[in-house]
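In: take this sequence and fold it.
(one chain, ligands or ions: 1)
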Amino acid sequence: MIPQPKGAADIVLDDVAFTYEDMHMLFDVTMKAGGIISVMGASGSGKSTLLNLIAGFERPDSGRVLIGGADVTDMPPSARPVSMVFQENNLFAHLTVEQNVGLGRSPALRLTDADRVEISDALARTGLAGKEKRLPRELSGGERQRVALARVLVRDRPVLLLDEPFASLGPGLREDMVDLVMAVHAERGMTVVFVTHQPEDARRIGGNLLFLEHGRVVAEGKTATFFGKDGPEAFQRYMGTGGASA
Ligand SMILES: Nc1ncnc2c1ncn2[C@@H]1O[C@H](COP(=O)(O)OP(=O)(O)OP(=O)(O)O)[C@@H](O)[C@H]1O
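Out: Next up, the predicted model:
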């Protein structure tokens, strides 16, 4: 079981409306502190927008975003208690691995000895020891995402948002990376929201699942239930399996 998190935070989207041209989205959903939640849905259903509203890269037309009970609707992304990992371009190309991780401690890279110890621990934890001085272009795609996760560890924020972070990696490596996210979650107990197109990622993660259609959450609950024979109909249609997949 996940230890009771000290710093985890509930995420609440309270009647959050958001529009892109003719795409009207409405999110009214609570994600429990310390949970791990997969977000699935067809392309264009609003998964990235949901994360961007939590992170503050998009502002609601109406409604409120609360994190840990605090209303963050008007806060810029940098002030929110959130880390985010994208599919790519998480790193600064001209900075070394350890500098990229160090940014999670100090945006100006003014690092104390204690920060350096934390950075070195995070690099060891994510399997990057010995690669500290490399530039991002000298790493594989999987290693670059490990650097992004090491930065999450040193930032130590109560919410971690992942937007298809391993979509460009092959299946075996993706499994390893999902396991690393789960290990980070087990260690820190932050609230993790993981957008994925891959059913096997969601199954591996377990926890809860939000399923989106046309800018709304149309089903939510335990991930295991989604993949069972009584999974929500909309999800079964999306999977095209009529229910449980192998
Ligand atoms: N910057 C934008 N300007 C206009 N429309 C946008 C913009 N970004 C997204 N949209 C539209 O908003 C809707 C939701 O997009 P979003 O990226 O959140 O979906 P998604 O579920 O993450 O898709 P994918 O799985 O393809 O990444 C889509 O209809 C998309 O075309």
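
In: quick one: contacts for Gln99?
Out: Applying CB atoms under 8 Å, 6 or more residues apart in numbering, one finds that Gln99 lies in contact with 92, 109. For glycine as for every other residue, the C-beta is placed from the backbone atoms N, C-alpha and C.

In: please, which helix or strand holds it?
Out: With secondary structure defined by DSSP states H and E, Gln99 is part of helix 97-102.

In: go through that helix and flag the buried ones.
Out: Using 16 or more other CB atoms under 10 Å as the test for burial, helix 97-102 gives 97-102.

In: any regions of the chain where pLDDT drops low?
Out: Along the chain, the model assigns pLDDT under 70 to residues 1-7, 242-246.

In: against Val97, how distant is Leu103?
Out: Distance, Leu103 to Val97, using CB to CB, to the nearest Å: 11 Å.

In: between the buried residues of helix 97-102, which is closest to the ligand?
Out: Nearest to the ligand among the buried residues of helix 97-102 is Asn100, at 24.4 Å by CB to the nearest ligand atom.

In: so what's the closest residue to that closest one other than its chain neighbours up against?
Out: Nearest residue to Asn100, sequence neighbours excluded (CB to CB, 6 or more residues apart in numbering): Leu91, at 4.8 Å. Under the criterion of CB under 8 Å, 6+ apart, the neighbours of Leu91 are 100, 136, 144, 147-148.

In: next, Leu91: secondary structure please.
Out: Reduced to three states with DSSP: H, G, I helix; E, B strand; the rest coil, the structure at Leu91 is coil.

In: so Glu200 sits in a strand?
Out: No: counting by three-state DSSP, one finds Glu200 to be helix, located in no strand.

In: can you redo the buried residues of helix 97-102 as JSON lines with distance to the ligand?
Out: Written out in JSON lines, the entries for the buried residues of helix 97-102 read as follows (distance: CB to the nearest ligand atom, whole Å):
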{"residue": "Val97", "distance to the ligand": "28"}
{"residue": "Glu98", "distance to the ligand": "31"}
{"residue": "Gln99", "distance to the ligand": "30"}
{"residue": "Asn100", "distance to the ligand": "24"}
{"residue": "Val101", "distance to the ligand": "27"}
{"residue": "Gly102", "distance to the ligand": "30"}
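
In: was I right to think Phe86 contacts Phe166?
Out: No: proximity of Phe86 to Phe166 does not meet the contact threshold set by CB atoms under 8 Å, at 11.1 Å.

In: tally of neighbours for Glu21?
Out: Around Glu21 sit 5 other residues, with neighbours defined as other CB atoms under 10 Å.

In: separation between it and Gly44?
Out: Counting by CB to CB, the gap from Glu21 to Gly44 is 12 Å.

In: how would you label Arg204: helix, strand or coil?
Out: For Arg204, the secondary-structure state derived from three-state DSSP is helix.

In: list the residues that contact it.
Out: Contacts for Arg204 were tallied using CB under 8 Å, 6+ apart; they are 175, 178-179, 182.

In: show the buried residues in those.
Out: Neighbour-count burial within these applies to 178, 182; the criterion is 16+ other CB under 10 Å.

In: and the contacts of Arg204, which is closest to the ligand?
Out: Proximity to the ligand was ranked across the contacts of Arg204 by CB to the nearest ligand atom; first place goes to Val178, at 17.8 Å.

In: would you list every one of the strands in this structure?
Out: Taking DSSP state E as the test, the strands found in the chain are 11-20, 23-31, 36-41, 62-67, 70-71, 82-85, 159-163, 191-195, 208-213, 216-222.

In: would JSON lines of those strands with mean neighbour count and distance to the ligand be doable?
Out: Shown next, in JSON lines, are the strands of the chain (neighbours: other CB atoms under 10 Å; distance: least, CB to the nearest ligand atom, whole Å):
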{"stretch": "strand 11-20", "mean neighbour count": "18", "distance to the ligand": "3"}
{"stretch": "strand 23-31", "mean neighbour count": "17", "distance to the ligand": "4"}
{"stretch": "strand 36-41", "mean neighbour count": "24", "distance to the ligand": "5"}
{"stretch": "strand 62-67", "mean neighbour count": "18", "distance to the ligand": "15"}
{"stretch": "strand 70-71", "mean neighbour count": "12", "distance to the ligand": "23"}
{"stretch": "strand 82-85", "mean neighbour count": "23", "distance to the ligand": "13"}
{"stretch": "strand 159-163", "mean neighbour count": "25", "distance to the ligand": "8"}
{"stretch": "strand 191-195", "mean neighbour count": "26", "distance to the ligand": "7"}
{"stretch": "strand 208-213", "mean neighbour count": "23", "distance to the ligand": "6"}
{"stretch": "strand 216-222", "mean neighbour count": "16", "distance to the ligand": "11"}
